[in-house]
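K.L.:
I'd like to go over a predicted model; first the sequence, then the structure.
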Amino acid sequence: MKNTTPLNLGGFTGGYATAVNARGEAVGISDVGDFDETVYHGFYWSKSTGIIDLATLNDWSEAFAINRAGTVVGWSYRNTFDSLTDASDGPNALVCSR
């Protein structure tokens with residue numbers, strides 16, 4: 001069995017990887033909230049950097065994919081009911097690169 005590194009930015013419920021590229025870099029989603037409030041941020045992880053919070057434009061973010069060049073794609077959005085009906089609160093594209 002290989003050693004594993006927890007993919008958690010310190011929140012209550014933890015996190016998980018959504019994609020791993022050919023270089024072994026991973027991206028995913030991790031809880032950054034506490035017991036009373038669940039908030040998720042996308043993250044980037046590599047053996048050399050460890051886990052890095054990709055932050056957010058709104059309340060939440062999620063990282064879905066990473067290519068060999070290290071470009072990460074995902075989305076950021078508000079965690080409100082209005083985000084379902086108000087385009088200004090809706091999802092925004094999230095693109096990051098190393």
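P.N.:
Perfect, thanks for sending it.
K.L.:
in the sheet, who's paired with His41?
P.N.:
With DSSP bridges as the criterion, His41 is bridged to Ser30.
K.L.:
surely it meets Trp60?
P.N.:
Yes. Look at His41 against Trp60 with Cβ atoms under 8 Å: they come within range, at 7.2 Å. Placement of C-beta: from N, CA and C, glycine included.
K.L.:
comparing those two, which shows the higher neighbour count?
P.N.:
Applying other Cβ atoms under 10 Å to His41 and Trp60 shows that His41 carries more neighbours, namely 24 against 21.
K.L.:
low-confidence regions, this structure specifically.
P.N.:
For the chain, residues meeting the criterion pLDDT under 70 lie at 1-13, 35-36, 56-58, 78-90, 98.
K.L.:
Val95 sits in which helix or strand?
P.N.:
For Val95, the host element (DSSP states H and E) is strand 92-96.
K.L.:
can you get me a residue count around Ala93?
P.N.:
Look at Ala93: counted by other Cβ under 10 Å, it has 9 neighbours.
K.L.:
Gly33 too?
P.N.:
Gly33 sits with 18 neighbouring residues when counted by other Cβ under 10 Å.
K.L.:
skipping its backbone neighbours, what lies nearest it in space?
P.N.:
Residue nearest to Gly33 in three dimensions, not counting chain neighbours: Val39, with 3.9 Å by Cβ to Cβ, 6 or more residues apart in numbering.
K.L.:
can you report how many residues lie near the one you found?
P.N.:
Counted with other Cβ under 10 Å, the neighbours of Val39 add up to 17.
K.L.:
touching, it and Asp31? I think so.
P.N.:
Yes. Using Cβ under 8 Å, Val39 is in contact with Asp31, at 6.9 Å.
K.L.:
can you tell me what sits against the strand holding Val95?
P.N.:
The contact list for strand 92-96, computed with Cβ atoms under 8 Å, 6 or more residues apart in numbering, reads 42, 44, 54, 57-58, 61-63, 71-77.
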